[in-house]
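In: Let me see the structure of the following:
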Amino acid sequence: MQNCLTRLFVTLLVVSATSASAASVQAPSPSTSAPAGVVAPAAAPQSPVPLLPEALLPEALFPAPRSPALHPPALHPPAPEVARKHKVLLLGDSLIATGFGEYLQAQLDAHPRIQSARRAKSSTGLARPDFFDWMNVGREEVERHQPDVVVVILGGNDGQSLQDTQGGKPIHWGHAEWEAAYRQRMKDFLTVLAKPGRKIVWLELPTTGLKRFEQKLRIIRAVQREVISSREDAVHLDTHPFFTDAKGRALRQARVEGFRRPMRLRMQDGVHFTVAGGRYFANKVYPEVLGVLGLLQQG
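Out: Next up is the predicted model:
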């Protein structure tokens, strides 16, 4: 149809142009012819050939303007979700204050999914809140950091009379009521640290090999293990295999990452760790914390 209209339009243009040309050419009359030798004036310019109105022309010759293409706005891809960091709080005495605590915190902070904090005080425990009150300090620290996991090592200084903050009568070490009172302090301390969804990892006091000291530590370890094991939100980490040899004797030396030869683990007092011993213990505890956080395979 469109081709037919185009041919019709071209035909009309040709006919119109031919008619106009024929009408404009006239034979000269004798009265108007110029005398010999006189140049006749130039003919007046002809009017342009009339064209059909644009409205009657075929659409193919005057295509309708196209509307600009409507493109949907570019959708920005959603930002990748940033995994939330797990918070770990380390609490304890001189073992946390020195090499072991420093190495463990460094390992935790090096993990991309963990953020850690540490609070330690040498020569402290649950026996002497009149000297250092772990009940209040523990409460302040968990409120400040809101940890997902609390790692604790305390008790090495608790083989003594139990004092309170009101100046009450002490409960002497070795008396029958001492274990019951210490058990209650453990329960109270765990209540302070606990929160729904939070885990508490209690590190058993490492074996020292010091006979008289071990007599005290055995009682303290037993009470701590009993209380910790009774809670679903707490984990008791048995450290005995870390510091004893195949015959059950206290381990004096061990191979430690970063050292070429076996290194001594304890200082001269037989209790505190050497630099190598602190790193050795941290290397043992670190994967246990990852396991509690569910990050062991990712760590």
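In: In terms of helices and strands, where is V227?
Out: In this assignment (DSSP states H and E), V227 forms part of helix 211-229.
In: Can you name every helix or strand that that helix contacts?
Out: For helix 211-229, the packing partners by 3 or more C-beta pairs under 8 Å, 6 or more residues apart in numbering; DSSP states H and E come out as helix 176-193, strand 199-203, strand 234-237. (C-beta placed from N, C-alpha, C; glycine too.)
In: relative to strand 199-203, how tilted is the longest one?
Out: To tie it back to what came earlier, the one meant is helix 176-193. Angle between the axes of helix 176-193 and strand 199-203 is 140 degrees (criterion: axes from the mean of the first three to the mean of the last three C-alpha atoms, to 10 degrees).
In: quick one, helix 176-193 and helix 211-229 angle?
Out: Inter-element angle recorded for helix 176-193 and helix 211-229: 50 degrees (by the same axes, to 10 degrees).
In: hang on, the earlier thing: quick check: buried residues in the helix holding V227?
Out: Applying a neighbour-count criterion of 16 or more other C-beta atoms under 10 Å, one finds F213, K216, L217, I219, I220, R221, V223, Q224, V227, I228 buried in helix 211-229.
In: Repeat that for stretch 233-247.
Out: Across stretch 233-247, burial judged by 16+ other C-beta under 10 Å covers A234, V235, H236, L237, T239, F242, F243.
In: export the residues you listed to TSV and tack on distance to P170 and pLDDT?
Out: Shown next, in TSV, are the buried residues of stretch 233-247 (distance: C-beta to C-beta, whole Å; pLDDT from 0 to 100):
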residue	distance to P170	pLDDT
A234	28	98
V235	32	98
H236	28	98
L237	31	98
T239	30	97
F242	34	97
F243	32	97
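In: Closest one of the residues you listed to A176?
Out: Distances from the buried residues of stretch 233-247 to A176 were compared by C-beta to C-beta; the smallest belongs to H236, at 24.4 Å.
In: so what's that closest one closest to, chain neighbours aside?
Out: What sits nearest to H236 in space, not counting adjacent residues and going by C-beta to C-beta, 6 or more residues apart in numbering, is I228, at 4.1 Å.
In: mind checking the SS state of L90?
Out: When classified by DSSP: H, G, I helix; E, B strand; the rest coil, L90 comes out as strand.
In: For it, list the residues it contacts.
Out: Applying C-beta atoms under 8 Å, 6 or more residues apart in numbering, one finds that L90 lies in contact with I96, G101, L104, Q105, S116, A117, R118, R119, A120, V151.
In: The same query, at a cut-off of 10 Å, please.
Out: Contacts were defined as C-beta atoms under 10 Å, 6 or more residues apart in numbering; by that measure L90 touches 96-97, 100-102, 104-105, 108, 116-120, 141, 147, 149-153, 201, 203, 285, 289.
In: Kindly report the same for R225.
Out: If a contact means C-beta under 10 Å, 6+ apart, then R225 has W202, E204, H236, D238 as its contacts.
In: got a pLDDT number for the second one?
Out: As predicted, E204 sits at a pLDDT of 98.
In: mind listing the helices for the chain?
Out: Counting by DSSP state H, residue ranges of the helices within the chain are 2-24, 94-97, 99-110, 134-145, 176-193, 211-229, 275-293.
In: starting at the chain centroid, how far to the fourth one?
Out: Read that as helix 134-145. In terms of C-alpha atoms, centre = their mean, to the nearest Å, the gap separating the centre of helix 134-145 from the centre of its chain is 24 Å.
In: And T165, how far from P129?
Out: Plainly put, T165 is 5 Å away from P129 if you go by C-beta to C-beta, to the nearest Å.
In: Next: E143.
Out: The spacing between E143 and P129, counted by C-beta to C-beta, is 18 Å.
In: more neighbours, these two?
Out: Here E143 and P129 are compared on neighbour count by other C-beta atoms under 10 Å; more neighbours surround P129, at 19 against 10.
In: Assess the claim that V275 and M263 are in contact.
Out: Yes: counting by C-beta atoms under 10 Å, V275 touches M263, with 8.4 Å between them.
In: Which neighbours do those two have in common?
Out: Between them, V275 and M263 share the neighbouring residues V256, with contact defined by C-beta under 10 Å, 6+ apart.
In: Low-confidence stretches in the stretch 1-150 of the chain?
Out: Within the stretch 1-150 of the chain, the ranges that satisfy pLDDT under 70 run 1-82.
In: In JSON lines, list the helices and strands packed on helix 211-229 along with distance to G209.
Out: Output for the helices and strands packed on helix 211-229, formatted as JSON lines (distance: least, C-beta to C-beta, whole Å):
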{"stretch": "helix 176-193", "distance to G209": "24"}
{"stretch": "strand 199-203", "distance to G209": "18"}
{"stretch": "strand 234-237", "distance to G209": "20"}
